[in-house]
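Student: model this:
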Amino acid sequence: MADRRLQVFHTVARLMSFTKAAEALHMTQPAVTFQVRQLEEQFNTRLFDRGRNRINLTDAGSRVFEYADRIFALYAEMEQGVRELTGDISGSLTIGASTTIAEYMLPTLLGDFKKRYPEIAIHLKVSNSEGIVSLVERNAIDLGVVESPVANRNLAVERCKQDELVAIVPPGHDLAGLGPVACRRVLDYPFICREEGSGTREVINDYLDGLLGGAGALKVAMELGSPEAVKGAVEAGMGVSIVSKTTVQKELKLGTLVALRLEPPLFRPFSFVHQKHKFRLRLIEELLELARTYCKDCTPR
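Tutor: Okay, here's the model as predicted:
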């Protein structure tokens, strides 16, 4: 319903990239440029300063972006208000989740939500926690689910559940027969860790910073980009690691890994994060309510 030129401009300004906007809108880059220039001609002023490798909003562009943001929020609120009156719950949701949550928590939750609302299209974007928070900040997703603290106070954060992290070792390892293990014992061995920006790595670093030696005491042998890769490296005897207990239930049943509770224990929150000032669609409210129940009642799968 909104002016197409304004939609294109808003997407470029949100992503700060003509190329990314073209991809998001399924348009060619020349078509995106044309729409923005048409809007600039309407206002008789430049909306972007175009540098060699980057663009920035002009003062006029910033003002237009603020109004466009409000216009599209009102459109969404209007459409949702009409749907509520007619009893129609439909549309689409774009959810972002960090890798651990996307692989081990969301499949069951989104499956149940899809059964309840089959007409809703769900799009899932997966990144590390840092990347998901960035997507929420840029309003590129409706809702994020992350596994590390969120520093941006301009975002709304709601804790979903507590997740315990445990040390994992292969069967037959020196530590395998122990009960709760002091973290300093784990630091004696080559360590398999997640990549920079991972929520798991951030939480582990914060935990170690409170102990003697800090994160610098880790003997990092490998940095890997997913929980599955980390588990595979530990199973192969390449080192030890600390992971979410939720992620190793299958391996514990098969006996390919041994999990050891840390001393002191290590917990972290799984949290929902979204824009504070944005009108929240009923779809998001319904998903959040289902997620709250799921997080309260679920057991590790």
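Student: contacting residues for the closest residue to residue 129 other than its chain neighbours?
Tutor: Leaving aside its chain neighbours, residue 129 sits nearest to residue 199 (3.3 Å; criterion: CB to CB, 6 or more residues apart in numbering). All C-beta atoms are positioned from the backbone trio N, CA, C, and that covers glycine. Taking CB atoms under 8 Å, 6 or more residues apart in numbering, we find residue 199 in contact with 98, 100, 128, 129, 130, 146, 147, 148, 268.
Student: go again using 6 Å as the cut-off
Tutor: Residues in contact with residue 199 (CB atoms under 6 Å, 6 or more residues apart in numbering) are 98, 129, 146, 147, 148.
Student: just residue 226 next, same as before
Tutor: Here residue 226 is in contact with residue 99 (criterion: CB under 6 Å, 6+ apart).
Student: Now it: phi and psi?
Tutor: Backbone torsions for residue 226, taken as degrees, to the nearest 10, come to phi -160, psi 160.
Student: Could you tell me the model confidence score at it?
Tutor: The predicted structure scores residue 226 at 87 on the pLDDT scale.
Student: And the residue nearest to residue 129, how far from residue 284?
Tutor: Distance of residue 199 to residue 284, given as CB to CB, to the nearest Å: 22 Å.
Student: what about the longest strand in this structure?
Tutor: Identified as the longest strand of the chain according to DSSP state E is strand 258-275.
Student: How far away from the center of its chain is it?
Tutor: 16 Å (CA atoms, centre = their mean, to the nearest Å).
Student: in its sheet, what does it sit against?
Tutor: strand 143-146 (antiparallel), strand 155-169 (antiparallel), strand 181-182 (parallel) (DSSP bridges).
Student: Helices of the stretch 1-150 of the chain, start to end?
Tutor: Ranges of helices within the stretch 1-150 of the chain are 4-15, 18-25, 29-43, 59-86, 99-104, 106-116, 129-137, based on DSSP state H, counting those that start in this stretch.
Student: Of all these, which one is nearest residue 179?
Tutor: Of all those, it is helix 99-104 that lies closest to residue 179, at 24.9 Å by CB to CB.
Student: re the thing from before, residues making contact with the longest strand of the chain?
Tutor: Counting by CB under 6 Å, 6+ apart, 136, 143-147, 150, 155-169, 171, 176, 180-183, 203, 207, 248, 252 sit against strand 258-275.
Student: How many residues are close by residue 164?
Tutor: 15 (other CB atoms under 10 Å).
Student: Select, out of the helices of the stretch 1-150 of the chain, the one closest to residue 291.
Tutor: helix 106-116 (5.9 Å).
Student: What is that closest one packed up against?
Tutor: In this structure, helix 106-116 makes packing contacts with helix 282-297, judged by 3 or more CB pairs under 6 Å, 6 or more residues apart in numbering; DSSP states H and E.
Student: Kindly provide the whole-number mean pLDDT of the helix it packs on.
Tutor: Taken as a whole, helix 282-297 carries a mean pLDDT of 78.
Student: Okay, buried residues for that helix please.
Tutor: 283, 284, 286, 287, 288, 290, 291, 294, 295 (16 or more other CB atoms under 10 Å).
Student: what's the angle between that helix and strand 258-275?
Tutor: Angle of helix 282-297 versus strand 258-275, following axes from the mean of the first three to the mean of the last three CA atoms, to 10 degrees, is 150 degrees.
Student: picking up where we left off before, what subset of the contacts of strand 258-275 is buried?
Tutor: Buried, going by 16+ other CB under 10 Å: 136, 143-147, 150, 155-157, 160, 163, 165-169, 181, 183, 203, 207, 248, out of the contacts of strand 258-275.
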